[in-house]
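Undergrad: next come a sequence and a model predicted from it.
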Amino acid sequence: MENKMFCYQCQETAGCTGCTQVGVCGKKPEVAAMQDLLVYVTKGISAVTTRLRAQGKPVSREVNHLVTLNLFTTITNANFDEDAIVARIVNTLERKKELLVQLGSAENLPDAAVWEASREEFAGKAAKVGVLSTQNEDIRSLRELITYGLKGLSAYSKHANVLLEDNEEVDAFLQSALAKTLDDTLGVSELVALTLETGKYGVDGMAMLDKANTTAYGNPEITKVSLGVGKNPGILISGHDLRDMEMLLKQTEGTGVDVYTHSEMLPAHYYPAFKKYPHFVGNYGNAWWKQKEEFESFNGPILMTTNCIVPPKDSYKDRLYTTGAAGFPGCKHIPGEIGEEKDFSAIIEHAKKCASPTELETGEIVGGFAHNQVLALADKVVDAVKTGAIKRFVVMAGCDGRAKSRNYYTDFAKALPNDAVILTAGCAKYKYNKLNLGDIGGIPRVLDAGQCNDSYSLAVIALKLKEVFGLDDINDLPIIYNIAWYEQKAVIVLLALLYLGVKNIHLGPTLPAFLSPNVAKVLVENFGIAGIGSVEDDLELFFGK
Ligand code: SF4
Ligand code: SF3
């Protein structure tokens with residue numbers, strides 16, 4: 001069958017090789033094509049900005065934000081709206097034209113940097129610039145690995161940008177790296193080096209976001225989050241954007257409408273600034289992939305601030321709103337640029353007409369173990385390690401997903417020895433955060449640092465423990481890494497960990513399809529990256545018989 005599209009950027013890619021007819025995620029070929037073209041023109045404008053910087057000319061924040069928002073828009077499950085993506089291509093081409101004038105000469109710039117066209121030509125061009133346009137499979141693999149890492153970095157940068165934090169160095173790197181993925185003179189070794197450098201900027205980007213979040217909303221602290229529901233109508237907010245969270249909480253105050261978090265927004269409960277709202281009730285449901293059932297029974301409107309959107313059922317499509325990088329055709333999009341106050345009144349009025357949520361479960365879960373909170377407990381943790389009460393930490397951060405094979409993570413968590421503590425972040429936690437795995441001397445056996453970007457916290461904790469125990473190598477700590485991945489934010493987290501020198505990371509449920517055999521070999525030989533096996537085999541591998 002002829003390929004209508006080619007995308008292999010996420011873990012659920014068809015047949016572990018590539019989606020070629022339609023995305024497993026629901027992405028249509030037309031949307032995939034426009035995403036390919038958006039990535040292409042974003043690489044093009046990045047080649048221009050990189051040249052401008054080399055000439056000592058400044059690049060505006062607005063252009064930096066355009067680049068990151070473009071990439072964020074193409075992340076798995078963020079935006080399915082072809083018109084919105086086309087509008088971003090058109091806007092990027094216009095901005096690029098202005099920048100080319102500033103540059104003066106376009107000599108030796110790649111095609112992506114000088115290409116311009118009308119809307120009618122987009123589809124034809126898109127067909128020529130997708131992933132498969134790079135013939136050599138190793139170069140393709142590395143270019144995509146870097147591009148996906150940069151997509152993740154863009155998402156995290158954008159979350160910091162909305163809190164008015166910027167890092168010109170990160171943006172300059174991001175754009176120069178994008179431009180390098182167009183450069184046919186770069187071979188495997190240069191691109192491997194660029195991959196690791198991307199990890200360095202991943203650390204910087206996550207540090208910037210951590211600073212932005214904690215400056216704006218305080219340090220996450222131990223928090224019990226209710227899983228039940230109240231009697232008022234509610235709004236469910238999903239995704240990762242804490243600035244949207246803040247605006248929604250403020251605007252719903254005193255309206256009689258409650259606010260619930262979904263999936264990756266759960267950690268919002270851990271921040272002091274959000275705890276003060278009495279109508280911030282709890283968390284509803286589980287990870288992103290269960291939203292078809294759970295959004296139906298929520299009964300009220302849902303605000304998607306980022307990925308992961310599952311194409312909605314008709315039964316609740318009119319209740320689904322998007323904002324920021326997120327989009328879905330036919331669903332209302334709430335506009336608002338960085339620095340602007342968004343107007344959520346339509347969602348609030350909508351909620352008032354809806355029934356209260358149907359209860360899915362009761363009880364509570366505990367979280368809030370970001371670096372500041374864990375370091376506040378450092379003495380207790382260090383003691384527990386010294387006395388042998390805690391023998392191992394197991395980092396099980398990352399993503400959740402539909403694949404049945406992900407039950408491995410539930411079974412693995414259940415089967416862990418009682419003296420092992422799970423460190424987590426991201427939506428992967430929903431595989432085991434309601435199992436009641438108990439505590440060790442008051443330290444819960446599942447320590448949730450927050451969203452996927454808060455994996456940064458886990459690195460800070462590891463580095464601190466290394467210091468406390470006087471170790472030279474981060475790999476001498478009693479920490480096992482068994483990470484689940486799904487989309488491209490997990491890629492930047494992985495590259496960041498590699499940059500920090502972490503070895504022997506296990507990645508599942510399957511290794512990325514975009515790793516060619518040779519690139520996978522480089523990761524295995526230099527970093528000990530491995531997949532997962534059966535729970536029994538892996539327990540034996542990690543803990544011995
Ligand atoms: Fe397929 Fe994943 Fe790409 Fe969607 S994002 S089209 S599921 S590879
Ligand atoms: Fe989840 Fe999409 Fe990755 Fe932020 S919301 S971790 S999958």
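TA: Received it, and whenever you're ready, just let me know what you need. Ligands and ions are numbered 1, 2, ... in the order given.

Undergrad: count the neighbours of whatever residue of the stretch 151-300 of the chain ends up closest to ligand 2 for me.
TA: Residue of the stretch 151-300 of the chain nearest ligand 2, by C-beta to the nearest ligand atom: residue 264 (4.3 Å). In short, each C-beta sits where N, CA and C put it, glycine included. Using other C-beta atoms under 10 Å, residue 264 has 29 neighbouring residues.

Undergrad: and the gap between it and residue 463?
TA: As judged by C-beta to C-beta, to the nearest Å, residue 264 and residue 463 stand 24 Å apart.

Undergrad: where does the stretch 101-250 of the chain dip in pLDDT?
TA: Regions of the stretch 101-250 of the chain meeting the criterion pLDDT under 70 are absent.

Undergrad: how about it: which residue is closest to ligand 1?
TA: Counting by C-beta to the nearest ligand atom, the stretch 101-250 of the chain gets nearest to ligand 1 through residue 131 (9.7 Å).

Undergrad: circling back to that earlier point, residues contacting the residue of the stretch 151-300 of the chain closest to ligand 2?
TA: The neighbours of residue 264, taking C-beta atoms under 8 Å, 6 or more residues apart in numbering as the test, are 238, 239, 240, 288, 306, 308, 426, 427, 451, 452.

Undergrad: among those, who's most crowded?
TA: Counting neighbours by other C-beta under 10 Å, residue 426 comes out on top of the contacts of residue 264 with 31 neighbours.

Undergrad: which parts of the stretch 401-545 of the chain are helices?
TA: Here the stretch 401-545 of the chain has its helices, by DSSP state H, counting those that start in this stretch, at 407-415, 455-468, 488-499, 517-527, 535-543.

Undergrad: looks to me like the residue of the stretch 151-300 of the chain closest to ligand 2 is in a strand.
TA: No: under DSSP: H, G, I helix; E, B strand; the rest coil, residue 264 falls outside any strand and is assigned helix.

Undergrad: in CSV, list the helices of the stretch 401-545 of the chain along with distance to residue 139, mean pLDDT and mean neighbour count.
TA: Converted to CSV, the helices of the stretch 401-545 of the chain look like this (distance: least, C-beta to C-beta, whole Å; pLDDT from 0 to 100; neighbours: other C-beta atoms under 10 Å):
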stretch, distance to residue 139, mean pLDDT, mean neighbour count
helix 407-415, 33, 98, 18
helix 455-468, 28, 95, 21
helix 488-499, 17, 98, 27
helix 517-527, 9, 97, 15
helix 535-543, 33, 97, 15
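
Undergrad: near ligand 2, which residues of the stretch 251-400 of the chain?
TA: With C-beta under 6 Å from any ligand atom as the criterion, the stretch 251-400 of the chain meets ligand 2 at residues 263, 264, 288, 307, 308, 399.

Undergrad: remind me, longest helix of the protein?
TA: Using DSSP state H, we find that the single longest helix of the chain is helix 188-217.

Undergrad: what helices and strands are in contact with the helix or strand just after that helix?
TA: Next helix or strand after helix 188-217 toward the C-terminus (DSSP states H and E): strand 223-226. Where contact means 3 or more C-beta pairs under 8 Å, 6 or more residues apart in numbering; DSSP states H and E, strand 223-226 is packed against strand 280-283, strand 364-367.

Undergrad: so what's the gap between strand 223-226 and the chain middle?
TA: Here the centre of strand 223-226 is set off from its chain's centre by 23 Å, with C-alpha atoms, centre = their mean, to the nearest Å.

Undergrad: which strands border the very next helix or strand once past it, and is each parallel or antiparallel?
TA: Using DSSP H and E, the next helix or strand after strand 223-226 towards the C-terminus is strand 234-238. Partners of strand 234-238 in the sheet, by DSSP bridges, are strand 258-261 (parallel), strand 302-304 (parallel).

Undergrad: in the shortest one, what counts as buried?
TA: By neighbour count with 16 or more other C-beta atoms under 10 Å, strand 302-304 contains the buried residues 302, 303, 304.

Undergrad: so the last one touches residue 319, yeah?
TA: The reference is to residue 304. No: the criterion here is C-beta atoms under 8 Å, and residue 304 misses it with residue 319 at 11.1 Å.

Undergrad: coming back round to it: adding distance to residue 334, write the helices of the stretch 401-545 of the chain out as JSON lines.
TA: Formatted as JSON lines, the helices of the stretch 401-545 of the chain follow (distance: least, C-beta to C-beta, whole Å):
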{"stretch": "helix 407-415", "distance to residue 334": "34"}
{"stretch": "helix 455-468", "distance to residue 334": "28"}
{"stretch": "helix 488-499", "distance to residue 334": "22"}
{"stretch": "helix 517-527", "distance to residue 334": "40"}
{"stretch": "helix 535-543", "distance to residue 334": "43"}
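
Undergrad: looking at these, which is nearest to residue 508?
TA: Nearest of the helices of the stretch 401-545 of the chain to residue 508, taken as C-beta to C-beta: helix 407-415 at 6.7 Å.

Undergrad: contacts for the closest one next, please.
TA: 396, 422, 428, 431-432, 435, 437, 446, 482, 484, 508-509, 532, 534-536, 538-539.

Undergrad: measure the nearest residue to residue 336 once chain neighbours are set aside to residue 334 for me?
TA: Distances taken as C-beta to C-beta, 6 or more residues apart in numbering place residue 342 nearest to residue 336, at 3.5 Å, with adjacent residues excluded. Per C-beta to C-beta, residue 342 is found 6 Å from residue 334.

Undergrad: joint contacts of those two?
TA: Listed as contacting both residue 342 and residue 334 by C-beta under 8 Å, 6+ apart are residue 323.

Undergrad: quick one: residues contacting the nearest residue to residue 10 once chain neighbours are set aside.
TA: Sequence neighbours aside, residue 76 is the residue nearest to residue 10 in space, at 4.3 Å (criterion: C-beta to C-beta, 6+ apart). For residue 76, the contacting residues are 9, 10, 25, 307, 308, 486, 487, 488, by C-beta under 8 Å, 6+ apart.
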